[in-house]
Every structure is written in C-alpha cells, then in structure tokens.
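**Q** pasting a predicted model and its sequence here:
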Amino acid sequence: MRNVFRGVAVLIAVLCSTVLFAQVENPVKWKLSTVKISDCEYDLVFSGTIDEHWHVYSLNQKGDDGPVPSSIKLDKSPDYEAVGKPAEGKPIKIFDKVFDMEVLYFEKSLTFKQRIRLKTDKEVVVKGMYEYEACTDEKCTFPPATPFDFKLKGSAGCLPAAGTAVKTGDPCLIDSAAIAKEYALSHSQTIMTDNADGKNDTAHAGGFSANTVHGTTDPLPGNGNSTSDSDPWWLIYLIGFGWGFAALLTPCVFPLIPMNVSFFLKRSTSKAKGRFNALVYAISIIVIFVVLGLSISLIFGAGALNTLSTSAPFNLILFALLLIFAASFLGAFEIVLPSRFVNKIDAQGDRGGFAGIFFMALALVVVSFSCTGVMIGNALVSASSTGAISGPFWAMFGFSTGLAIPFSFFAFFPAMLNSMPKSGGWLNAVKVTLGFLELALALKFASNVDLVYQLGILTREVFLVLWIVIFALLTMYLIGAFKTSHDSDVKHISVSRLFFIILSFSLTVYLIPGLWGAPLKLFSGILPPMEYSESPHGFGGSGGSSALPPNIDKEFAAYIEVNKNGVVHFKNDYAHALAYAKKTGKPLMVDFTGHACANCRKTEDKIWPDPEVLKRLNNNVVLVSLYVDDKRGLDPKDYQKVFWYGQEREITTIGDKFKYMEETLYKQSSQPLYVLLDHSEQLLNSPRGYKSETPGYIQWMDEGINEFKKRTGK
C-alpha cells in the first residue's frame, strides 16, 4: 500500500503540466470595427492592443525566410470588392540578427485597415480571415487564421452602371492617427467581437448584445479601479506563514530543528561561523520555496489559479489528494518519495561550502514532503482567489519564512534549545489533528464540484452534519476518548491541548444552529450558501420571507428571486434583467459570480445586508447574478461557436456563456466582478472587484447611479 502513494508527487506534476498546456498565450487583444466612408464604401478596421515585450509583424514584411507577415484576406463575393490593398500605420524598422534581415513590426498597438466597396443595395455580410505572428525576444506565437464577418447595408447607388469600370485606389500606407480620428467619428458604428465569425453573439441565457463597445476603450468615470484586492499580499503572506509554522510541528520537521542547529554549531570553527551557516541554511529553504512560487506564477500567469480554483476537475483532484493526506496523517499509511531520488539529493549535502548547505536545505524540503506537501498546497490555495501574478510568490515566501526561521533563531540563541519540548507522542497528536482538519478542508473542494454542477448532494445541511461530526470526533480524540495506531496513552491533558479542546468543541457547538438556518458568518464563503439547502431556512426553519416585494411588475415576477438577505435579483437571466431595467428606468447591475466563489459569498453575507447597500440594490438598480462556473448545459439551440483563448470553441454551458461575456467585454476573469450599465449597455463607471469595505461599495454604487441620472436626465 505504501508504494501506491509514492506517486502522489507525480500526480501533482501531471496536474501542473496539464494546466500548463491548457493555457493559450494570446498577447494581442483585437477589436474589429467599421468606418462608413460613403453610402457604398466602408473601412474595415482591425485594432490590436499588444502586451508588453511583444510585437506583431507588418502587413508589408518581406522575405521568405523571415517572420510571417500579418494578412487580411476577404472571401470572394459578387456583392462587394476590396478597394486596394490592406493598409497600416507606420511600423518600426529594425535589423533582426535572428532572421538576419530587416523586419517591420508594431509594439503596444497597431491598426490595420481594408477599404471595401459594396455592389448591391441589400444587406451584405463581408467575410474573411486575418492572421498575424507575434514575438518577443525569446519566443513567438502564430495563432491560426481568425474568421471575421461584418454586416453592412448597401444602397441603390451601389449598383454598378452598365458598361462602367470601377476605379480602385491603392492606399499602401496610411496615418494611424487619421484612422483613430475616423474611428472616433463613427463610434456608434463600432462592432466589438472576439468570436470566430463576428456575429452578434449572445453570452447569457437570454442573449446580450455584442454590438456595443461597453466602454472598453473609452475613459471610465469613477474610481478607475477594476481590480480585486480580495487577498492583499500581506494576507497571502500571513496565511502562508501560518501553514509554514504549522509544518514545523509535524514529526517530519520538528525533530530536525535541534539536530540541524547543533550540527552547524558543532561543525563550524567558531560560533559566528556556525550562526552564519545556519542563516545560509534558512535562506536556502526560503529561496527553494520562493523559486517554486515564482515558477508557478510564470507558468500559470495572472488569474489562472483563480480559474483553476473554480474548475471541477481541479477541485476533484484536490479533494482526492486531501483525502489521501488525511488518511496518511491519521495513520493509515505513510507517504514517501522514491528513496533513490531522496538519497541522491541527500548525498549532495555532504559537499562543502554554500553548495553543500543548499543541498541540505533541499534534502529537508524533499524528506519532509509527506508532512509539508499538503500544507504547501493549502498555502497555494490561499493565493488562488486573487488574480495577481504575485499570489503564489507571497504564499511560498510566507510558508518558507515560517518554516525556516527556527533554524536560524536557535543558532543565535542555542540556550533556548533546552527549553524546546522533546519529540514524542504529542507530535503524532499534532499530525492526527491536522488529519481531521484536512478531512474538513477536503469537503470544501468536494462542495465546489457539487455547487458548480448543482448536483444537490453536499447541501448545506449535509456539509454541516459532516463538519459537526469531524470536529466532535477531533474533540473526543484530544480528550483521549480514543487513540489512533501510533498514539501513546494520554496520562494528563496539557494546557496547550486543553486550549485546542476548547476551540474544537466551541466550533462544534457553533456549527449546530446552522442546521436550523443560522447564518454562520464566520464561515461565509466556505460553507454552501443558504440557498443551497434542503429546506429554505434549515431543518424545520421558518426564517425570513422570500416573497417578492408588492411593487414587482407581474410581467417579470416569474424571473425574479429574493435571496436569503432580502436582495431582489435575476439569476442567470441577462435578457429579462435588461428589459426590466429599461421598463423601470433603473441602471442594470451585473454581478459576475460563481457557485464556488468564496469572496462572492463574503460580499453577499457581509456587504449586501448593510441597510444602505440593500436599499440601493432593491430600489436604485436592477441586479442580475451571472454564474460563470455553472456547468449545466445550455439548450442545444443556444450553443455558440466563438473564437476564444486562441481557437474556435463551442459554448455549451451556462457558465461558459457568462465567462465569455465577462472576459471579452470587460477583460477580467476573476469573481466577483460588479458592473453598472446604462440601457445601451455602456459602462457607468469602472467595474469593481472584491473589496471588503462597505463604504467603498456604497460610494461605487452611488457613482454609477448618479452617472446614470446624468445620462438619462432623471
């Protein structure tokens, strides 16, 4: 059995590599628009925003052995024709040593333009493909050709007269500033699309119009902050530090503290040298984990861990891993890495100098994996709710600091080693306690899967019963009511053990009222929401009313819900929400949320119930909640083919529709994201991510509401 679990590390590596190959690099964000020149002539404008350090090659790039030039190709049609060749702004001209030739490319932004002439008086669909190659100094990406289409209307004057020839121009080079000016003048005709065929797709249950710009390029009023500070760096650091300190109290690490400190002090020629070596040892531990954090940041990128945190396969894998680690902590078996791998690293520790100390630190990291691996995972999970690329770095920096500090601290104060508790049965008690905690945490990941698929298995009541049983058993274990296979007899209860008993028993008692509808705000975002219950207000509960307010329009009553805090909202129904906003003369507030989104529940449980926020939600806006992780399937007639993440995809689930809407229209992928729109679906102020303070939320809502009043004159 033991050998079976030696593959846990390999499983984690497979997970990481799977995610790595799932990420598609897309360094150029395109916006397609049209500019009407006359009744029969239009400019098709392809505007691109290029990520930092990337560049895109010119339409006029020459040379068969050089980079691939960008291109715009129109499908042949009797209803329209190209007027000249595609045009572009002035590119950067430089000699490239890699290609050994002169290259032309654009940085930061580019604009391509193709003029066309209509030859009919009917509505025309102009179709074609565009291609480009994007490179940095180290790598290149060449996405497949992307389809586009534009719907344009001709006029009677577009019909060619008999016997006349059409004269075409050849604008080889144009001023990009002139294009921008033309684009601004024809702003109302802009068509924004990130999909494969350029059609006016819908990205919600009823359909939203992609025919609008949604303020994505215009200066935004308001606070200008659309990012989430869900987990500031210092909080991620402290959570990581806490898990690192907890790792010290495991049988894999704790006995090594006095042994390693004594080794450095005795091996060195002086106390100062010993302290210096111990400090290098601690720094090496920190460097190893920080490199791990940076690697995860570079591989996954900003926001990828957030996407993973709501992914059903990822949550199932974490659930399985935590069950394996919990079983190991409870004494069922021992997880060990392959001995050959461990011995090779340990042998390197016999080398002298800094290299030997570094490999000693690496040996500690590897040997202690059976105890620290799950805590490393927990520290990284703390970084998953932030879209910041620095999240894994701060998590690992905190974890390694908490783990490494004692190795240098006791080297400077060796006399304190005598006051350290001796290794013994209490270490196994710590390990078993962590096993119970891992069981409780594993249920959270199983719950995420249940929520996104709306399976109705781990309802709030079932989840609470399991947690109550787990923490009740932990209390009984700490009291000494039963033992695991590696435990010694509990002759007396120490003060520290008593404190843990009080904490565990208090937690058990606190959870019990939740079965009858208590909100349990202490665990908001961890427990399934109140709405995900077998009965509306818990077992036999009859708490707050979910009846609709009397002023709700009867035409829309069937589509509106009232949540546990009395918030009136539409759920997964953008079309009816927008129609209701227009009918009532209120702005539309879009809540991009998720069933497995912890910060969404925190907002709903701690900010929305505030009387001032609740008043605005119910009286001043129309709220629609769109669940981006809802894995339930769409009706096949609502399937969409879109160009997303660098390739053509078919959207078949409710959640993907909303996720596509959020990412393509608002350029964000984290939840929650709150957006205030007017009736033309234009932004009223900057979108807002998760922020834990209520006054700022009220201020943000007031900014959007006041801007709506200015635009409508109401």
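**A** Received the coordinates, thanks.

**Q** lowest-pLDDT helix or strand in this structure?
**A** Every helix and strand of the chain was ranked by mean pLDDT, DSSP states H and E. The lowest is helix 176-185, at a mean of 34.

**Q** I'd like the next helix or strand past that one.
**A** Going down the chain from helix 176-185, the next helix or strand is helix 233-248, by DSSP states H and E.

**Q** other SSEs contacting that next one?
**A** Applying 3 or more CB pairs under 8 Å, 6 or more residues apart in numbering; DSSP states H and E, we find helix 233-248 packed against helix 369-383, helix 391-412. No exception for glycine: its C-beta is placed from N, CA and C like everyone else's.

**Q** need the least confident one among those helices, by mean pLDDT.
**A** Among the helices and strands packed on helix 233-248, helix 369-383 carries the lowest mean pLDDT, a mean of 63.

**Q** gap between the closest residue to Phe289 other than its chain neighbours and Leu323?
**A** Distances taken as CB to CB, 6 or more residues apart in numbering place Ser400 nearest to Phe289, at 3.5 Å, with adjacent residues excluded. Using CB to CB, to the nearest Å, Ser400 is found at 26 Å from Leu323.

**Q** so for the two, which sits in the more crowded spot?
**A** Between Ser400 and Leu323, counted using other CB atoms under 10 Å, Ser400 has the larger neighbour count: 30 against 16.

**Q** so the more buried one makes contact with Ile283?
**A** No - using CB atoms under 8 Å, Ser400 is not in contact with Ile283; the gap is 9.5 Å.

**Q** for stretch 442-455, list the C-alpha coordinates in PDB.
**A** Provided in PDB are the C-alpha atoms of stretch 442-455 (Å, rounded to 0.1, in the frame of the first residue of the first chain):
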ATOM      1  CA  ALA A 442     -11.400  18.200   1.600                       C
ATOM      2  CA  LEU A 443     -15.200  18.600   1.900                       C
ATOM      3  CA  LYS A 444     -14.900  22.200   0.700                       C
ATOM      4  CA  PHE A 445     -13.400  21.100  -2.600                       C
ATOM      5  CA  ALA A 446     -16.000  18.400  -3.000                       C
ATOM      6  CA  SER A 447     -18.600  21.000  -2.300                       C
ATOM      7  CA  ASN A 448     -17.300  23.200  -5.000                       C
ATOM      8  CA  VAL A 449     -17.800  20.500  -7.600                       C
ATOM      9  CA  ASP A 450     -21.300  19.800  -6.200                       C
ATOM     10  CA  LEU A 451     -22.200  23.500  -6.500                       C
ATOM     11  CA  VAL A 452     -20.900  24.200 -10.000                       C
ATOM     12  CA  TYR A 453     -22.900  21.200 -11.300                       C
ATOM     13  CA  GLN A 454     -25.800  21.800  -9.000                       C
ATOM     14  CA  LEU A 455     -25.900  18.200  -8.100                       C
END
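
**Q** next, the buried residues of that stretch.
**A** Buried residues in stretch 442-455, counting neighbours by 16 or more other CB atoms under 10 Å, are found at Ala442, Leu443, Lys444, Phe445, Ala446, Ser447, Asn448, Val449, Asp450, Leu451, Val452, Tyr453.

**Q** state the pair within these that is farthest apart.
**A** For these, the maximum inter-member distance is 17.6 Å, found between Ala442 and Tyr453 (CB to CB).

**Q** per-domain residue ranges of the chain.
**A** Using automatic domain parsing, the domain parsing of the chain gives 28-189, 233-424, 557-712.

**Q** Thr484: which of those is closest?
**A** Minimum separation from Thr484 across the domains of the chain (CB to CB) falls at domain 233-424, 4.5 Å.

**Q** mind listing what's buried in stretch 657-670?
**A** In stretch 657-670, counting by 16+ other CB under 10 Å, buried: 657-666, 668-670.

**Q** return the subset of those lying in helices.
**A** Under the assignment DSSP state H, the buried residues of stretch 657-670 contribute Lys657, Phe658, Lys659, Tyr660, Met661, Glu662, Glu663, Thr664, Leu665, Tyr666 to helices.

**Q** can you read off the pLDDT for the last one?
**A** So the one you mean is Tyr666. Tyr666 is assigned a predicted lDDT (pLDDT) of 86.

**Q** that one against Gly689, yeah?
**A** No - using CB under 8 Å, Tyr666 makes no contact with Gly689, being 10.7 Å away.

**Q** all helices of the stretch 301-450 of the chain, in order?
**A** Counting by DSSP state H, counting those that start in this stretch, the stretch 301-450 of the chain has helices at residues 304-309, 312-329, 339-348, 353-367, 369-383, 391-412, 425-452.

**Q** ah, wrong one, I meant the stretch 601-714 of the chain
**A** With helices called from DSSP H, counting those that start in this stretch, the stretch 601-714 of the chain shows them at 611-619, 654-666, 694-712.

**Q** the second one vs helix 425-452, what angle?
**A** For helix 654-666 against helix 425-452, the angle between stretch directions is 90 degrees (axes from the mean of the first three to the mean of the last three CA atoms, to 10 degrees).

**Q** longest helix in this protein, please.
**A** helix 271-300.

**Q** what is it packed up against?
**A** The elements that helix 271-300 packs onto, with contact taken as 3+ CB pairs under 8 Å, 6+ apart, are helix 8-22, helix 256-267, helix 353-367, helix 369-383, helix 391-412.

**Q** run the last query once more with 7 Å
**A** Judged by 3 or more CB pairs under 7 Å, 6 or more residues apart in numbering; DSSP states H and E, helix 271-300 is in contact with helix 256-267, helix 353-367, helix 391-412.

**Q** could you check the angle that helix makes with helix 233-248?
**A** Going by the same axes, to 10 degrees, helix 271-300 makes 120 degrees with helix 233-248.

**Q** start at 24 instead
**A** Happy to do that; since the first residue is 24 now, the last one works out to helix 294-323.

**Q** quick check: angle from helix 294-323 to helix 376-390?
**A** Going by the same axes, to 10 degrees, helix 294-323 makes 60 degrees with helix 376-390.

**Q** tell me the average confidence for helix 294-323?
**A** The average pLDDT for helix 294-323 rounds to 78.

**Q** buried stuff in it?
**A** For helix 294-323, a neighbour-count test (16+ other CB under 10 Å) marks 297-313, 315-317, 319-320, 323 as buried.

**Q** ok, now stretch 476-496?
**A** Under the neighbour-count criterion of 16+ other CB under 10 Å, stretch 476-496 has 476, 481-487, 489-491, 493-496 buried.

**Q** which residues does it contact?
**A** With CB atoms under 7 Å, 6 or more residues apart in numbering as the contact definition, stretch 476-496 has outside contacts at 335, 459, 462-463, 466, 469-470, 473, 527, 530-531, 534-535, 537-538, 550-551, 553, 555-557, 562, 654-655.
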